[in-house]
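Participant: I would like to see how this sequence folds:
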Amino acid sequence: MSSLKRLFAISLAAMLSLVFIMAPLQFFFGMYGLFATEVFMALLAFAFAKVYKLNIHETFPIKTPNFRYLLGTVLVYISTNLICIPITLIIAHYFPSPLEELSSTMLSLYESVPFAFTFLCVAVMPSICEEALFRGTMWQAMDGSNPLGRMLLIGLVFGIVHLDPIRFLPVALLGVFMCYVRYKTGSILYSMLLHLLNNGVSLLASFAASGDLSESPTIALTDFAVSIALALMGFFAFWLASKAFGKTPQTEIEIEPSQDE
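Facilitator: Numbers count the residues shown, from 1 in each chain. Take a look at the predicted model:
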């Protein structure tokens, strides 16, 4: 089976499960439904790894922590957030009400259970379970494909599966960056770290801001100009990250078979 067919099959299974099983569970059981969703994501990852007979060590590779890779991952986190600032600003300008409603709904959900359980469901479990599915099974199922194509396609699926059209673009972009980290380090550990940083800091920021967004939907020219400047700084941070990562591990490079036999 081709890598695209494998990706389609896994994506379709994830989407159908989320729409008809996991979304209702989250609606009726709140954070406990979200907990179940993350567990299901992990089970889906291992199920498809078994179906496609993927090598477990290659599908979920975890290597000894490396300082340069840790630094690169932190720089990618900074880069992603800076690059997304103008995108988020535009979304807030054109869709202020849906964004405010989403923020209010999510904060109410977060506050419905103890903070430790919220942090577990929103930050820790997605960084493990979703990474197992997207940067583990999906990534390995497309082994041999063009790396950039793999990043873009899996990032696209990552954005779609979150079932949030308002935040689709930032989420998809985050998915692409997490694939990049997985590719450059050859270890799923660092994409997990990036996911944990993103969700954990966002959760803390939600509590700190009490879910409030700016009351004015108007973007000042200076605000947008500053956001563009910050995005440019984000691209610079991404360049620094690429230098920190260095060369791609040999296991992530497609090697042509030798002709001398």
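
Participant: Give the burial count for Thr64, as a bare number.
Facilitator: Taking other CB atoms under 10 Å as the neighbour definition, Thr64 ends up with a count of 7. (C-beta placed from N, C-alpha, C; glycine too.)

Participant: Check the gap between it and Ile128 for me.
Facilitator: To Ile128, Thr64 is 18 Å away according to CB to CB, to the nearest Å.

Participant: Please, which helix or strand holds Met125?
Facilitator: In the assignment (DSSP states H and E), Met125 maps to helix 125.

Participant: how far is that helix from where the chain is centred?
Facilitator: Average the C-alpha atoms of helix 125, do the same for its chain, and the two points are 12 Å apart (CA atoms, centre = their mean, to the nearest Å).

Participant: Mind listing residues that contact that helix?
Facilitator: In this structure, residues lying in contact with helix 125 by CB atoms under 8 Å, 6 or more residues apart in numbering are 35, 38-39.

Participant: Then stretch 48-61?
Facilitator: Residues lying outside stretch 48-61 but in contact with it, judged by CB under 8 Å, 6+ apart, are 1, 6, 9-10, 13, 132, 136-137, 139-141, 143, 186-188, 251.

Participant: so how far is it off the chain centroid?
Facilitator: Stretch 48-61 has its average C-alpha position 20 Å from the chain's average C-alpha position, going by CA atoms, centre = their mean.

Participant: Can you give me the buried ones in the helix or strand of the chain with the lowest mean pLDDT?
Facilitator: Sorted by mean pLDDT, DSSP states H and E, the helices and strands of the chain end with helix 96-110, the least confident at a mean of 85. For helix 96-110, the neighbour count (16 or more other CB atoms under 10 Å) marks 96, 99-100, 102-103, 107, 109-110 as buried.

Participant: As JSON lines, these with distance to Gly175 would be great.
Facilitator: Listed next are those as JSON lines, based on distance: CB to CB, whole Å:
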{"residue": "Pro96", "distance to Gly175": "25"}
{"residue": "Leu99", "distance to Gly175": "20"}
{"residue": "Glu100", "distance to Gly175": "25"}
{"residue": "Leu102", "distance to Gly175": "19"}
{"residue": "Ser103", "distance to Gly175": "21"}
{"residue": "Leu107", "distance to Gly175": "24"}
{"residue": "Leu109", "distance to Gly175": "22"}
{"residue": "Tyr110", "distance to Gly175": "22"}
